[in-house]
Each structure stands twice: as C-alpha cells, then as structure tokens.
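In: Any chance you could fold what I've pasted below:
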Amino acid sequence: MISSIAGEVISCKVFRARDRLGRSTFQGNQQSLLQGKFLQARTIWGDRSFKENAKLYCRGSCRMQSVQAYNKPLEDQVHPSSKVPSSTEGKVITCKAAVAWGPGQPLKIEEVQVAPPQAMEVRIKVHYTALCHTDLVFWQAEGHTPIFPRIFGHEAAGIVESVGEGVTDLKVGDSVLPVFTGECKECKHCKSEESNMCSLLRIDTERGVMISDGNSRFSINGKPIYHFLGTSTFSEYTVAHAGCVAKINPKAPLDKVCVLSCGVSTGMGATLNAGKPKKGSIVAVFGLGAVGLAACEGARIAGAARIIGIDFNNERYERAKQFGVTEFLNPKEYEKPIQQVIAEITDGGVDCSIECTGSIEAMVQALECCHDGWGVSVLTGVPHSDAVFKTNPVNFLSEKTLKGTFFGSYKPRTDLPALVEMYLNGELELDKFITDEVSFADINKAFDHMIKGEGLRTVIKVIS
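Out: Coordinates of the predicted model:
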C-alpha cells in the first residue's frame, strides 16, 4: 500500500484497488501524481479505464490496495503476492467431498467441482477437520431451516492453495485455520477492543452461498452444492472469505490445532476473556462436554484454586480431572437446587461460573451460584429460539454479573495465531480433546460417536 506520495512522481503498477471488505477504492490528493501503467480500476467515481502509461492525478494521500511501486521505469513485472506456484490456480478443481443430501442422511463421498476463489476469497486444501456438535444439529435439521445438498464442517486446518483478487494477508502455502466467523478489520465491531461480532462476516447459519456474489463455489455436474458457515471443511478443497481465515505458525501440527477453529476456543475464551477469574479463584462449569472442558482448561490456565464441574453424567468426572476439575456435582443427586449446594460448599458462591449446555435451567443456576458483590456468570450455550430466561432481579442488584460470549470473545484472525503459539509452547493442552481419528471415507463414524456421546472430538483425516 502507498500511504503518502505527495509531490512525487513514481512508476507503479495497479493490480487491483480494493479495501479489506472487498470494495474497490481509489482515493488521493492533487498534490500527488502517479505516472505508470494503468489498465483498469474501479474508483470511488465509478469504473475507469486507462491507456498505457496514462497519468493519474490523485486527491490527498493515495490509498490503494495491491499496488507495487518502483524507483525505476515500469517493467513488465508481477506483484510477488500474485506469483502462485500452483498448477490449479484459477482453475476449477475436482475433488472429494462428504455431501449431505438430506436431513439425517449419511454423508456420501462425492466428486465435486470447486471453483477458483473470487475477490477477497481463499481456496484451501483441507488436511484435517473435526466434527462439532453444531454440524450435527444442522445436519439433523430439527428446528432449523433445511438447506440441502450441503457440505458441512467448520473445525479444520489446511494449506492455502490459491488466493483471489485483493487478498494481501495470505499467500499460497500458508498454514491456516478457516473459521465460521470473521474479522474484516474495518467495521466498528472489528475496530472495537470489546467486540468480535464482525458486521460483514458474522456467523449466518442459513447462508449457503458466498457473500461476494451470492453463488456457491461447489457444484456437481453444474448443480450447486451449498456451503455451511462459510467454511464447508468436509471437502478436500474449500473456499472461504479471507476475513474468515487465520494464518498460523507453519510448525503447528494441523491434526491438533484444527480443534481451535470452534469448540475449544469458545470454551476456553469464555473463561479467560469473559469470566476473567483471578489466580486462586473458584470456578464452576456447567456441562462437561468439549466446550465445557475447554472452559475448565481456561480456568486451569488462569490458576483457579477450585474448578467445580456440574453434569448429569457421573462418568464424565474422571476425564474432567485431566482438565483441572477438582470437584464434581450431579444435580440429580441433591434434593436442594444445585446453586444452593454450590453456595454452601464455597462459602457464599463461586467467583466465576461458565454455562456450556444451552439449558435455560442451567443458565439460571450458573448465575445464582455466583458470589454476591463480584461473581461473574458467562453463558456460552445456545438455547431454543423461544426460550425465556427468568431470575429474581435481586441477583443483579446484589452486584452479580451475567455475560454472554461468542466464540470465546476471540477475534479470529488476530487471536487464533496466539492460541496456536500457546499450544506450541506447552501452555495449552490440545491433544486431550482429541479422542479419536477416522479417515475421510469413514466420516460417518464421527457422527455415530457424537450421537452416542462417545469421546470429545473426532478428527477426520481429509488428505490421502
């Protein structure tokens, strides 16, 4: 990018002028003069075509994306970011994908065509993907709008195969995590330190196409196959918006860090970013599934003195110990409300509670078990759309705090690389979340494991 060239005459080559949202821009000041080779550009005044070596007068300090300037006369050069050593660049790729043809129907491995990435998009070769409960819910399509045929999957890791116009932060060969939500870095949410709810790339479960043109990049013999959460990682190749792709350390093992794309980050961030328990705190976690255990892992990293796990399944306690859980409570085994039991064994309540079930009853219990004056309760579970939360207002007047979190309050492109580094440095333990691995051909076994409640995360090896 050229940020200021006032009063200078330079040779440059415009490859495309776009901002981070994919919008085409061209702005500047009469003080500046660009002299070079311009073929075509879309400007704030509309489309402009330029003859070779045309002179362009700018208003202000010129701000352009994907511009290469030279201190010597323009030569026939190509911007380094566009040098893609890939035989498939710009071409349709035929590959294998696990396609869901209808609600609850076993996924079928099909040959699909994956179109090249368009502006601000990236095509990724998926190496490993994991099954998340969200995939299961929308595959079953109970209580949700059924969109089929569809390629599910949103917890994954892979390598960039090619990039579309305007993509400057990613290049071919980068190790990446595609994420179901994004970070455009331009909207008011992205510019705020308090939010990760990107206005442009926020999660949309009912969108089955790309946002740039409303079309799918997947097809079978010309028939479109719909996307899921903008990721669709149950495919050997997928296309995602560049704002939904986090570049990570190439040394990271993709079969481990793939689980950071959703569940682990959601639970761990709920504790570390939203709950923010201090060292020596008492933390209660409601629900000891993958997200709940990630919340426990966050409490362990934060240095909590006591981590109380609450679940209806007693068999989960043994595994939960690996994540720092020191005590276990089953609400069914007590006549008193579980929040009262927790208050009694913690001298008035916990410092922080994390709800990871989606149950309204558990949400109320999580709030009411917090200590008055400073207790913080964080909700991560997603209830039914018609659910209503009810509690006595005194809980808030006594200075308890109720918060919600989305994706653990992490900004995907900014924060996920740091989580990968935590894993590489031994601060974050990911291996214990992965309880099984299956081949791509056996992807339906992962669904069977989850339906039966077996294990935490099944990683699917997509590459052959």
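
In: Helices of the chain, residue ranges please.
Out: Counting by DSSP state H, one finds helices in the chain at the ranges 133-140, 188-191, 254-257, 263-269, 290-302, 316-320, 338-345, 360-368, 394-397, 412-424, 443-451.

In: Of those, give the one that comes closest to Lys279.
Out: Among the helices of the chain, the nearest to Lys279 by C-beta to C-beta is helix 290-302 (6.8 Å). C-betas here are computed from N, CA, C, even on glycine.

In: Against which helices or strands is that closest one packed?
Out: helix 263-269, strand 282-286, strand 306-310, helix 316-320, strand 352-355 (3 or more C-beta pairs under 8 Å, 6 or more residues apart in numbering; DSSP states H and E).

In: next one: that helix to chain centre, how far?
Out: 18 Å (C-alpha atoms, centre = their mean, to the nearest Å).

In: Next, the angle from it to strand 306-310.
Out: Between the axes of helix 290-302 and strand 306-310, defined by axes from the mean of the first three to the mean of the last three C-alpha atoms, to 10 degrees, the angle is 170 degrees.

In: could you give me the average pLDDT of helix 290-302?
Out: Mean per-residue pLDDT for helix 290-302: 97.

In: Return that helix as PDB; C-alpha atoms alone will do.
Out: The C-alpha trace of helix 290-302 is given here as PDB (Å, rounded to 0.1, in the frame of the first residue of the first chain):
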ATOM      1  CA  ALA A 290     -16.000 -30.500  24.700                       C
ATOM      2  CA  VAL A 291     -16.900 -26.800  25.200                       C
ATOM      3  CA  GLY A 292     -17.300 -27.200  29.000                       C
ATOM      4  CA  LEU A 293     -14.000 -29.000  29.300                       C
ATOM      5  CA  ALA A 294     -12.400 -26.200  27.300                       C
ATOM      6  CA  ALA A 295     -13.800 -23.800  29.800                       C
ATOM      7  CA  CYS A 296     -12.200 -25.900  32.600                       C
ATOM      8  CA  GLU A 297      -8.900 -25.800  30.700                       C
ATOM      9  CA  GLY A 298      -9.200 -22.000  30.700                       C
ATOM     10  CA  ALA A 299      -9.800 -22.000  34.400                       C
ATOM     11  CA  ARG A 300      -6.700 -24.200  34.900                       C
ATOM     12  CA  ILE A 301      -4.600 -21.900  32.800                       C
ATOM     13  CA  ALA A 302      -5.900 -18.900  34.800                       C
END
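
In: tell me the phi and psi of the residue nearest in space to the middle of the chain?
Out: Centroid-nearest residue in the chain: Val179, 2.7 Å away (criterion: C-alpha atoms, centre = their mean). Backbone torsions of Val179, given as degrees, to the nearest 10, read phi -130, psi 150.

In: Tell me how far it lies from Ala270.
Out: The gap separating Val179 from Ala270 is 16 Å, by C-beta to C-beta, to the nearest Å.

In: One more: Pro103?
Out: Between Pro103 and Ala270 the distance is 30 Å, computed by C-beta to C-beta.

In: Neighbour count: the two, which is higher?
Out: Neighbour totals were compared for Pro103 and Ala270, and Ala270 leads with 31 against 14 (other C-beta atoms under 10 Å).
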